[in-house]
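*Asks:* just coords:
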Ligand SMILES: C[S@@+](CC[C@H](N)C(=O)[O-])C[C@H]1O[C@@H](n2cnc3c(N)ncnc32)[C@H](O)[C@@H]1O
């Protein structure tokens with residue numbers, strides 16, 4: 001199992017330098033992401049929230065009675081709160097996130113707001129095929145809530161693997177998932193390159209963490225935040241472009257990052273309803289219902305096992 005240091009060493013040694021976007025998320029990074037969700041340019045959060053609010057009764061009816069709700073990458077836990085009150089006696093709620101301190105803090109507020117729902121937050125990295133930090137009982141009505149288009153951060157083959165794992169390992173009977181839709185390029189780019197520069201700070205948080213947690217000496221001002229739309233792969237790519245030749249030291253090892261060289265930090269794949277349907281089908285799920293907003297910016301799907 002690779003640690004932050006091992007992944008950074010590997011990622012910075014490659015010809016095409018690459019770091020996993022999961023490393024954005026420590027407490028500071030999660031706070032920055034929360035700020036991103038409130039930006040004018042960042043349409044996904046407010047659009048998905050509206051879809052969930054407008055359809056909460058239908059979503060609650062689909063989820064059914066006594067659900068065990070599991071939310072991988074739960075973040076600020078705001079979206080589950082939209083329909084929780086509409087559910088028929090939910091049994092428990094298990095938010096999972098890699099950003100442990102942030103989740104612990106957020107969960108305290110949740111407990112005060114929903115004292116009747118048993119909440120057991122767990123630190124869990126879903127990119128590793130590690131043991132679940134809770135017991136699953138396959139006779140339960142296990143429903144996965146996976147909003148925020150987090151699935152878009154996975155390469156397509158990994159997205160299929162992950163959706164398969166939700167059935168085989170989490171024993172999920174249903175998935176409620178938020179998926180960002182393909183749209184005009186300027187709207188997409190500005191959502192990932194806002195005027196206030198919050199997304200740039202979020203992107204550079206990976207470098208800040210290398211400095212604070214791994215004793216790195218990276219000058220954050222030497223890097224420029226980039227958000228590019230890769231047309232053939234239908235995804236936004238976030239990158240950090242080095243403005244000058246830099247010798248980086250991390251935990252005693254040296255890496256040369258050349259002028260104009262880029263470190264690829266995140267992918268955010270965009271889907272059409274059809275391409276998401278194909279992906280879900282390949283993973284052994286079928287779409288039972290799709291909800292979209294009027295402008296067709298974002299989609300929420302209810303998936304059933306095939
Ligand atoms: C795009 S944000 C979405 C947050 C929230 N679900 C929402 O809808 O606003 C991705 C979330 O997944 C978490 N995350 C990213 N990679 C992860 C991983 N490998 N394992 C667990 N959580 C992860 C992040 O900490 C963050 O909270």
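*Replies:* Received the coordinates, thanks. What you are looking at is a predicted structure, and each value in this text was computed from that prediction instead of being measured. Numbering: from 1, shown residues only.
*Asks:* near the ligand, which residues of the chain show up?
*Replies:* Selection of the chain residues close to the ligand by CB under 6 Å from any ligand atom yields 22, 25, 30, 33, 37, 45, 73-75, 79, 97-99, 124-127, 147-148, 150. Backbone N, C-alpha and C define where each C-beta goes, glycine included.
*Asks:* same thing but at 5 Å, please
*Replies:* Selection of the chain residues close to the ligand by CB under 5 Å from any ligand atom yields 22, 25, 73, 75, 97-99, 125-127, 147-148, 150.
*Asks:* could the residues you listed go into a markdown table alongside secondary structure and pLDDT?
*Replies:* Below are those laid out as a markdown table (DSSP: H, G, I helix; E, B strand; the rest coil; pLDDT from 0 to 100):
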| residue | secondary structure | pLDDT |
| --- | --- | --- |
| 22 | helix | 98 |
| 25 | coil | 98 |
| 73 | coil | 98 |
| 75 | coil | 96 |
| 97 | strand | 97 |
| 98 | coil | 97 |
| 99 | coil | 97 |
| 125 | coil | 96 |
| 126 | coil | 96 |
| 127 | coil | 94 |
| 147 | coil | 98 |
| 148 | coil | 98 |
| 150 | helix | 98 |
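*Asks:* who touches residue 256 in this structure?
*Replies:* The contact partners of residue 256, by CB atoms under 8 Å, 6 or more residues apart in numbering, come to 245, 246, 247, 248.
*Asks:* same thing with residue 22?
*Replies:* Counted by CB under 8 Å, 6+ apart, residue 22 has contacts 98, 125, 127.
*Asks:* Also residue 112?
*Replies:* Contact analysis of residue 112 by CB under 8 Å, 6+ apart lists nothing.
*Asks:* tell me which element it is part of?
*Replies:* helix 100-113 (DSSP states H and E).
*Asks:* Between the residues of the chain next to the ligand, which sits nearest residue 225?
*Replies:* Residue 225 lies nearest to residue 25 out of those, by CB to CB, at 16.8 Å.
*Asks:* That closest one: neighbouring residues, count only.
*Replies:* 23 (other CB atoms under 10 Å).
*Asks:* That one against residue 97, yeah?
*Replies:* Yes. Counting by CB atoms under 8 Å, residue 25 does reach residue 97; the two are 7.5 Å apart.
*Asks:* where along the stretch 201-306 of the chain do the strands fall?
*Replies:* Counting by DSSP state E, counting those that start in this stretch, the segments of the stretch 201-306 of the chain that form strands are 223-230, 235-242, 246-250, 253-257, 262-269, 285-292, 298-305.
*Asks:* Kindly reformat these as a markdown table containing mean pLDDT.
*Replies:* Formatted as a markdown table, the strands of the stretch 201-306 of the chain follow (pLDDT from 0 to 100):
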| stretch | mean pLDDT |
| --- | --- |
| strand 223-230 | 98 |
| strand 235-242 | 98 |
| strand 246-250 | 94 |
| strand 253-257 | 95 |
| strand 262-269 | 98 |
| strand 285-292 | 98 |
| strand 298-305 | 97 |
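*Asks:* closest to residue 137 out of the ones you listed?
*Replies:* Here strand 298-305 is closest among these (CB to CB), at 16.9 Å.
*Asks:* Name the strands paired with the closest one and say parallel or antiparallel.
*Replies:* Sheet pairing here is set by DSSP bridges, and for strand 298-305 it gives strand 174-180 (antiparallel), strand 285-292 (antiparallel).
*Asks:* Out of those strands, which one sits most buried?
*Replies:* Of all the strands paired with strand 298-305, strand 174-180 carries the top mean neighbour count, a mean of 25, counting by mean count of other CB atoms under 10 Å.
*Asks:* Quick one: mean pLDDT for it?
*Replies:* When pLDDT is averaged along strand 174-180, the result is 99.
*Asks:* Show residues contacting it.
*Replies:* Against strand 174-180 from outside (CB under 8 Å, 6+ apart): 44, 48, 51, 59, 62-63, 79, 142-149, 151-152, 163, 166, 268, 270-271, 276, 285, 288, 297-304.
*Asks:* Swap in 7 Å and give it another go.
*Replies:* For strand 174-180, contacts defined as CB atoms under 7 Å, 6 or more residues apart in numbering pick out 44, 48, 59, 63, 143-149, 151-152, 166, 270-271, 276, 285, 298-304.
*Asks:* returning to what we had before: please pick the buried ones from the residues of the chain next to the ligand.
*Replies:* 22, 25, 73, 75, 97, 98, 99, 126, 147, 148, 150 (16 or more other CB atoms under 10 Å).
*Asks:* residue contacts, the fifth one?
*Replies:* The one in question is residue 97. 73, 74, 75, 103, 123 are the contacts of residue 97 under CB under 7 Å, 6+ apart.
*Asks:* if you set the cut-off to 8 Å instead, what comes out?
*Replies:* With contact set as CB under 8 Å, 6+ apart, residue 97 has these partners: 25, 30, 72, 73, 74, 75, 103, 121, 123, 124.
*Asks:* Fine by me, thanks again.
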